[in-house]
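Asker: Could you work out the structure for the sequence below:
(4 chains)
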2 protein chains.
Amino acid sequence: MAGEVRQLDDRKLAVLRAIVQDYVGTEEPVGSKALVDRHNLGVSPATVRNDMAALEEEGYIHQPHTSAGRIPTDKGYRLFVDKLAEVKPMSAPERRAIRHFLDGAVDLDDVVARTVRLLAQLTRQVAVVQYPSLSRSTVRHIELVALAPAKVMLVLITNTGRVEQRLVDCPGTVGETLLSDLRARVNARAAGQRLPDVPGLLEELPALFEAADRPTVSTVLATLFETLAEQSEERIMLAGTANLTRFGHDFPLTIQPVLEALEEQVVLLRLLGETADAGMTVRIGRENAYEGLNSTSVVSVGYGSGDESVAKLGVIGPTRMDYPGTMGAVRAVARYVGQILAES
Amino acid sequence: MAGEVRQLDDRKLAVLRAIVQDYVGTEEPVGSKALVDRHNLGVSPATVRNDMAALEEEGYIHQPHTSAGRIPTDKGYRLFVDKLAEVKPMSAPERRAIRHFLDGAVDLDDVVARTVRLLAQLTRQVAVVQYPSLSRSTVRHIELVALAPAKVMLVLITNTGRVEQRLVDCPGTVGETLLSDLRARVNARAAGQRLPDVPGLLEELPALFEAADRPTVSTVLATLFETLAEQSEERIMLAGTANLTRFGHDFPLTIQPVLEALEEQVVLLRLLGETADAGMTVRIGRENAYEGLNSTSVVSVGYGSGDESVAKLGVIGPTRMDYPGTMGAVRAVARYVGQILAES
DNA sequence: TTCTGGCACTCGGATGGTCGGAGTGCCAAG
DNA sequence: CTTGGCACTCCGACCATCCGAGTGCCAGAA
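Answerer: Purely as a prediction, here's the structure:
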């Protein structure tokens, strides 16, 4: 008995899978007849209809009008993603192309720019790439440059290639001796350390200097700490917004909030922030906290130079997207970006 | 006689001006009756109709369908901009708001980001701001940092606050003495100079070093020259794409090419590049070289810290835009950005 | 000569009715 | 439990009609 119930459920799942696949392909509600024609489920349309009724009862699919085909609901897509779909790996030529395209990058900006374009092209959707975040990076070098008697430029270089600079107005004239002394000490302690740990390591540094120099040292360090902490400096790059126009022909109403969301770095950062550190995150329709993205899905994943993720990237598309393909592309790109970062 | 002809022409121009204003306001073809109702031209609809016929004959306006109102053509807008419209100055509160909003910026990225958002908000259109170009800037400081025995990081800081960094792989180990010597000499010659002039000034620098060090010096200099020359590093920031959705309700067909154009930095750079160095440039519809922007107008202007323009900014909107207001906003923002840059 | 009121005409867009077909739900039989 | 049959629903396309805004032109007034 249990076996037969199981059998039934399997078929219902197969029907759901078929509905999702067809709908993603055609963008039109799919009916029972079309289903049996296109997929060789070994049953008749009438049977499929019964299954559909059950699936609808459970909230996995839904019909826009009484006598129309069915459309997957968010819940339906969710089940599809969780249970029915397998991430589609990139083909060998695709992998080569990714590799080749990313290999040409000359600096971090370029890596990010190439990545985001590549992702947009591969998925034909909107791609988002976050710059390696400061908080996960380590210090490669901290440079202090005297620009004027009381002006120092502070340059922070991270292992991910990110460079941040700040102008420091010092309370008094800054001698070259003091500056190189400070530079040496700061680097000795901070180099190789994770950014958030640095303030702790430099805490008693002013005490090591002569009283006269302490204000200057403190000022410089304060600016450094600010720079380290500045989460607001999280940056993001975007590409493929033109793909939004393919979202369906009813879209004028739905494209505007999406574009607005994409302009708000804060929204995007939060979006990516919700990505799990390991594994891929898929947020479908209403699962997105931000209202403007209620009819879109977000596929995101962390990437990093080592095992650890230093930032996130992802794509944003209609809920009716090709999940296996998209997930495959996102995963592959994330992996290669990680490799590139590790090499540089 | 001549006086009477003149009179006629003046009225026709007034009619054209009225048509442009009404059409920009309502987004609907404007008929003769509506015109005389809304503007107090002292004549009857029939007279206006005659003038309209003449204007159409001349190609300044056009009717989409036989029995519809008139719409200005690109040529009509051009005449309007050249002869009939006056740039609308910003009101005092608006100017204060601009000033205040831009004053909060902490670094160059922030200035550009704020500017572009501000411009998008003021004009309710798509805004574009080019980063101060390297070729117009001068060197503030060049820093050399040893990262590894044979790896040097080169950091170029310009007077506009731009920072460029490059990794240099040197042919051999680089001693600290050599590095500081090189740093001192380079800065002594290059500081304060315009970027394109720098290579010339450093040309015989290798000759001043010992033979053993020359390969290293040359390598570093080569990278520096590359960085200086890298026009491709021209960067641009964009905001307000969501405003595209207001372009009219027929827009699905027209929004896509625009979005595509906006994604191509190259297109945008060329667009801004065509801006006259002094004064404001307005390109209307077909006047834009890029095909995707054939139904948009671009208002752009140079900005700079001194009298000289170091970069361009502008907005992109439908040909049916509020030219006086847009031009006013663009001019005002450019002026204030210039001031901000001059101060920092 | 220039402007004006009148008039016939055009044509786009809205309204509403009809019709076909895709798709459904249900039922009775296999 | 599956299947074929059947009645039913209802969307969307198609078509005809109609209304009104707007035009061009003309004859008369200023």
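Asker: Report the buried residues of the strand or helix carrying A:Ala342.
Answerer: Per DSSP states H and E, A:Ala342 falls inside helix A:323-343. Residues of helix A:323-343 classed as buried: A:323-334, A:336-338, A:340-341 (neighbour count, 16 or more other Cβ atoms under 10 Å in any protein chain shown). Any C-beta I mention is one placed from the backbone N, CA and C, and that applies to glycine too.
Asker: Just give me how far that helix sits from the chain centre.
Answerer: 11 Å (Cα atoms, centre = their mean, to the nearest Å).
Asker: And stretch A:57-73, by the same measure?
Answerer: Counting by Cα atoms, centre = their mean, stretch A:57-73 comes out at 31 Å from the chain centroid.
Asker: Is there any residue in that stretch that contacts DNA strand C?
Answerer: Yes. Using Cβ under 7 Å from any atom of the strand, we find that stretch A:57-73 touches DNA strand C at A:Gln63, A:Ser67, A:Ala68, A:Gly69, A:Arg70.
Asker: Which pair of these spans the longest distance?
Answerer: Farthest apart among the residues of stretch A:57-73 next to DNA strand C by Cβ to Cβ are A:Ser67 and A:Arg70. That separation is 11.6 Å.
Asker: what does stretch A:73-88 rub up against?
Answerer: A:13, A:16-17, A:19-20, A:55, A:59-62, A:72, A:280, A:282, A:284-287, A:297, A:319, A:323-325, A:327-328, A:331 (Cβ atoms under 8 Å, 6 or more residues apart in numbering or on different chains).
Asker: 7 Å - rerun?
Answerer: The contact list for stretch A:73-88 (Cβ atoms under 7 Å, 6 or more residues apart in numbering or on different chains) reads A:13, A:16-17, A:20, A:59-62, A:72, A:282, A:284-287, A:319, A:323-325, A:327-328, A:331.
Asker: State the pLDDT value of A:Gln339.
Answerer: Per-residue confidence (pLDDT) for A:Gln339: 90.
Asker: what's the answer for the one 4 residues further on, then?
Answerer: Per-residue pLDDT puts A:Glu343 at 76.
Asker: What of A:Phe251?
Answerer: With respect to pLDDT, A:Phe251 has a value of 53.
Asker: same question, A:Thr158
Answerer: At A:Thr158, pLDDT is 82.
Asker: residues touching the nearest residue to it once chain neighbours are set aside, list them.
Answerer: In space, and not counting its chain neighbours, A:Thr158 is closest to A:Ser137: 3.9 Å by Cβ to Cβ, 6 or more residues apart in numbering or on different chains. For A:Ser137, the contact set (Cβ under 7 Å, 6+ apart) comprises A:Thr158, A:Asn159, A:Thr160, A:Arg162, A:Leu195, A:Val310.
Asker: Enumerate every residue touching A:Val282.
Answerer: A:Val282 neighbours (Cβ under 7 Å, 6+ apart): A:Val81, A:Ser297, A:Val299.
Asker: again with A:Thr326
Answerer: Counted by Cβ under 7 Å, 6+ apart, A:Thr326 has contacts A:Thr123, A:Val299, A:Val315, A:Gly317.
Asker: Quickly note the distance from it to A:Ala334.
Answerer: According to Cβ to Cβ, to the nearest Å, A:Thr326 stands 12 Å off from A:Ala334.
Asker: likewise A:Val87?
Answerer: 12 Å.
Asker: Name the residues of the stretch 51-200 of chain A found near chain B, please.
Answerer: A:Arg140, A:His141, A:Glu143, A:Val145, A:Leu147, A:Met153, A:Val155, A:Ile157, A:Val163, A:Gln165 (Cβ under 7 Å from any Cβ of the partner chain).
Asker: Can you say which of those are buried?
Answerer: Buried, going by 16+ other Cβ under 10 Å: A:Arg140, A:His141, A:Glu143, A:Val145, A:Met153, A:Val155, A:Ile157, A:Val163, A:Gln165, out of these.
Asker: closest to DNA strand C among those?
Answerer: Nearest to DNA strand C among those: A:Val163, at 55.3 Å, using Cβ to the nearest atom of the strand.
Asker: count of residues packed around A:Thr227?
Answerer: Residues near A:Thr227, counting by other Cβ atoms under 10 Å in any protein chain shown, number 20.
Asker: looking at the sheet around A:Leu167, what are its partners?
Answerer: A:Met153 (DSSP bridges).
Asker: That one touches A:Lys151, doesn't it?
Answerer: Yes. At 6.5 Å, A:Leu167 and A:Lys151 qualify as touching, with contact defined as Cβ atoms under 7 Å.
Asker: Compare these two and say which one has the larger neighbour count.
Answerer: A:Leu167 (16 against 13).
Asker: so how far is A:Ala188 from that one?
Answerer: Applying Cβ to Cβ to A:Leu167 and A:Ala188 gives a distance of 24 Å.
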